[in-house]
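A.B. asks: Sequence first, predicted model second:
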Number of protein chains: 2
Amino acid sequence: MVAGPHSPQILMIRKLESIFPLSEEEKQALQGLPVHVTVLQADQDIVRIGDRPSQCCLLLEGYTCVYKLTAEGKRQIMAVHVPGDMPDLQSLHLTVLDNSVATMSLCTVGFIQHEDLRRVCERYPQIAAAFWRETLVDASIFREWLLNIGRREAYTRMAHLLCEFLVRLKAVGLAQDGTFDLPITQAELADCTGTSTVHVNRVLQALRANGLIQTKGTWVTIPDWERLKEVGEFDPLYLHLREDEAT
Amino acid sequence: MVAGPHSPQILMIRKLESIFPLSEEEKQALQGLPVHVTVLQADQDIVRIGDRPSQCCLLLEGYTCVYKLTAEGKRQIMAVHVPGDMPDLQSLHLTVLDNSVATMSLCTVGFIQHEDLRRVCERYPQIAAAFWRETLVDASIFREWLLNIGRREAYTRMAHLLCEFLVRLKAVGLAQDGTFDLPITQAELADCTGTSTVHVNRVLQALRANGLIQTKGTWVTIPDWERLKEVGEFDPLYLHLREDEAT
DNA sequence: CGTACGCTTGACTCGTGTCAAAGCCAGTGG
DNA sequence: CCACTGGCTTTGACACGAGTCAAGCGTACG
C-alpha cells in the first residue's frame, strides 16, 4: 500500500496528533507502515472476543463499535469508532481479546501487522507513547460512558452521546455546521446507551420536539450546540483533544 | 525510601508481573524508584478532576476508587483499586486528569514522580510496555463494568462485582478461602453499580438469603464460588491475569 | 409492487428510585 | 460503665423511568 495524500497512514497520524504532536521523523516512520486495506459490509465482526489477533485494525471510513453480550444475549456497545481510530489497538499488548469489534455501517478498514507496529514503537519511543496515549483516551471515554449510563437518565444520556459524536467527528473533519451522517439504527443507539429500542425512539422524539436535534434520513443536525451541551451535561475534557475543537 | 522485603516497589512489581513477567534487570530498575509513602484517612480525594499531577499514586494498603459526579451531584465510581494498583497511572501521559481519585478506607499510598517513571520507561521499553499493559487492563475492566451496568440487573450486577473483588484480591494475596475484608459502605457499592443505596441493601439481602454470600462486619465470605460466578455471569478473562487465579 | 427492515405507537408491567422512619452499632465522653 | 451520638443499615409505601409486547406504518430496494 503506497502512502498517498489521503492515505490510511495520514489519517492515523492526524488522529494521533489531535492528542499530541509528533516530529517529522516519527511521521515518516508511520508513513512507512504497511497497511492492508479492505472494505467490509455493515454488521460484520472484525474480531471476536477470545481471538488472538496478529494485526491491528485502523478504521478509514464508516463506523465500528466495541461490544460484548450478556449471558441472555443482551448487547452492550462500549465504544463507537470514527475514521482514524484503531478499535483493537489494545491487542498489541493483551494477547487475548476481551471484546468483539463489529462494523456498524459500510466500512473501509486497514490492517497493520503487530510486528510492524512493534518495530516502530521500539525504534521511536514517542510513537509508542502516542499509541499509549490513544488507548488512554479510549479508557477515558469508557469512564465517561460509565457515568453516562450509570447515573444519567436516558434523555440526558442520548444528548451526551450525540455531543460526543459531533465533537469527535469534527476533529476528523466529518462534521460541518453541527451536521453529520450517522448511518446507525435506533437499536444500535439503544445498545450504546444501555436502553431499549423503544425508549431510544421516544427520547429522540423528545429531543426533536425540544429543538435540540434535527434528523433527515441518516443525517443529524444540532442547531443549538450550547443548549445540547447543557442538556447532555457535556464537557469535552474527557476527550483530551489538543485544540479546542469543542466550541 | 529504602526498598525492603515488602517494599512498595515489590508490590508494584508483583502486580505488573501478574499480567506479564519482567526480567531481573527491569525489576532492579523498578526497585530503585523513589517512593514517598503516606497514610490517608477514608473518603479523601487523592487527586481531583482537572488536576495536572506531577506524580503517580501507588496504592499500598486499603481501597481507593475513581469517580466522577453528574451535574446534579450523583456519583459514579468507575473503578475500585486494590493494593498494588496505580489509580492515576494515566496522568503520566494525559496532562489533565479527567476523573477524581479518592480513598474508600484508611489507606497507605506511595507517590512516584512522573520524571522518575519516565526515566525508567525510556531506559527499559519493557517496563513502559508493562505499565501500558496495566492501563489496558484497567480499560478492559471499564468495558466489563459498562456491560455490567448497562445490561445486567442489579442482582447479577452485584454478584459480578463481588466476584471481581475476590479474584483481584486473591491475586495480591488479600483473600483466603473466599473470604476478604471489604470496609466500604453500601452507598459506595451503590455508586459502583449505578443503583441506589436502598436497592443495594435489598440485593445484598437477597444474595445472603440465597446463600451466595455471607457477611460479618466488613468481612465477606463467598461459600460457593462456582454458584456466585454463574449468578454474576463472571468470566475472569477481562482481568487478563497470567496464572489462572480465578478457579 | 411486494417484502423486509427500521421506525413509531399504545398499553401494560416491572425494576429501581425516592422518601421517611426506625433500628443497629461502634466510638465518645461524662 | 453507661447514656449519647452519628453514621450505616434496614424497612415499608409509593412513584416513576424504562422495558416488553404487539401491532401498525413508512420507505428503500429488489
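C.D. replies: All right, it came through fine.
A.B. asks: For the rest of this, base every contact and every neighbour count on C-alpha atoms.
C.D. replies: OK.
A.B. asks: Longest helix in chain A, by number of residues?
C.D. replies: Taking DSSP state H as the criterion, chain A has its longest helix at helix A:125-151.
A.B. asks: near chain B, anything from it?
C.D. replies: Yes: under the criterion of CA under 8 Å from any CA of the partner chain, helix A:125-151 makes contact with chain B via A:125, A:129, A:132-133, A:135-136, A:138-140, A:142-143, A:145-147, A:149-151.
A.B. asks: Quick check: mean pLDDT of that helix?
C.D. replies: Per-region confidence: helix A:125-151 scores 97 on mean pLDDT.
A.B. asks: and the spatially most central residue of chain A, what does it touch?
C.D. replies: When CA atoms, centre = their mean is applied to chain A, the residue found nearest the centroid is residue A:81 (2.1 Å). By CA atoms under 8 Å, 6 or more residues apart in numbering or on different chains, the contact list for residue A:81 reads A:59, A:63-65, A:87.
A.B. asks: What separation is there between it and residue B:193?
C.D. replies: According to CA to CA, to the nearest Å, residue A:81 stands 26 Å off from residue B:193.
A.B. asks: next one: residue A:231
C.D. replies: Distance check for residue A:231 against residue B:193: by CA to CA, it reads 24 Å.
A.B. asks: For these two, indicate the residue with more neighbours.
C.D. replies: Neighbours of residue A:231 and residue B:193, each counted by other CA atoms under 10 Å in any protein chain shown, are more numerous for residue B:193; the result is 28 against 18.
A.B. asks: How about the residue nearest to the centre of chain A: which residues does it bridge to?
C.D. replies: Using DSSP bridges, the beta-bridge partners of residue A:81 come out as residue A:64.
A.B. asks: any idea how far it is from residue A:65?
C.D. replies: 6 Å.
A.B. asks: Give the intersection of the neighbour lists for the two.
C.D. replies: residue A:87.
A.B. asks: and chain A, which residues reach chain B?
C.D. replies: Chain A has residues A:68-71, A:74-78, A:90, A:93-94, A:96, A:98, A:122, A:125, A:129, A:132-133, A:135-136, A:138-140, A:142-143, A:145-147, A:149-152, A:193-195, A:233, A:237-238, A:240 near chain B, with proximity defined as CA under 8 Å from any CA.
A.B. asks: repeat that with 7 Å
C.D. replies: Counting by CA under 7 Å from any CA of the partner chain, the positions of chain A adjacent to chain B are A:68, A:71, A:74, A:76, A:78, A:90, A:93-94, A:98, A:132-133, A:136, A:139, A:142-143, A:146-147, A:149-151, A:194, A:233, A:237-238.
A.B. asks: Stretch A:226-242 - what's its average pLDDT?
C.D. replies: For stretch A:226-242, the mean per-residue pLDDT is 97.
A.B. asks: which of the residues in it are buried?
C.D. replies: Going by neighbour count (16 or more other CA atoms under 10 Å in any protein chain shown), the buried part of stretch A:226-242 is A:228-229, A:231-234, A:236-241.
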